[in-house]
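Asker: The following comprises the amino acid sequence and a computationally predicted model.
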Amino acid sequence: MALSELYQSADWKAEKHAPVIEAPDSVKKGDFFNVNVSIGKAIAHPNKTEHHISWIEVFFHPDGEKFPYQIARAEFTAHGASPQGPDTSSVYTHHTATVSFKTEKAGTILASSYCNIHGLWQSDKKITVQ
C-alpha cells in the first residue's frame, strides 16, 4: 500500500479533520506572506488525551517543478495528560500553525495533518504570483 492511499480529504466545512489553509489567492513576487493552517474551523476537533491532532505539515509545490518544498512542521504535544491521568492537566496546545514564506512562482500550498484516531488528512490551495 502506498502512503498516498492513506491520506483522506474532504470539505473542511463538513469535516472536522481536514486542514483549513488560509492564505492570499495572489501574492507579490518575492514578498513574504502568511499562511495559517488549522483543523476544525467549521466543526471543532476534540483536543483531549484520547483524541487529538498530533501534527500539521505545510508544503509548497511551485508550478512546473518536480517536488514540493517543506515549509514547516508543527507538532502539538500537550493534550491534557499529566501524571494524574488523561485530561487532568490544565495545559493544552491548539492545532493551528502560522508560517510565512515567499516565492517567485505560482503554485500550490499543501497541508497535511494527523489525528491519532482518524489518521492522515490533506488539503491544498492554489496561489498565483503577480
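Answerer: Good, I have the coordinates.
Asker: H95 contacts N47, doesn't it?
Answerer: Yes: shown here, H95 and N47 form a contact pair, counting by Cβ atoms under 8 Å, at 6.7 Å. Every C-beta, even on glycine, is put in place using the N, C-alpha and C of the backbone.
Asker: Neighbour count for the two, which is higher?
Answerer: H95 (22 against 19; other Cβ atoms under 10 Å).
Asker: what's near enough to touch the more buried one?
Answerer: Contacts for H95 (Cβ atoms under 8 Å, 6 or more residues apart in numbering) come out as S38, I39, G40, H45, N47, H52, I53, I56, F76, S113.
Asker: So for the residues you listed, which is the shakiest by pLDDT?
Answerer: Least confident entry in the contacts of H95, by pLDDT: G40, with 89.
Asker: Can you read off the backbone torsions of I53?
Answerer: Dihedral angles of I53 (phi, psi; degrees, to the nearest 10) stand at phi -90, psi 130.
Asker: ok, it touching A74?
Answerer: No: shown here, I53 and A74 do not form a contact pair, counting by Cβ under 8 Å, at 9.6 Å.
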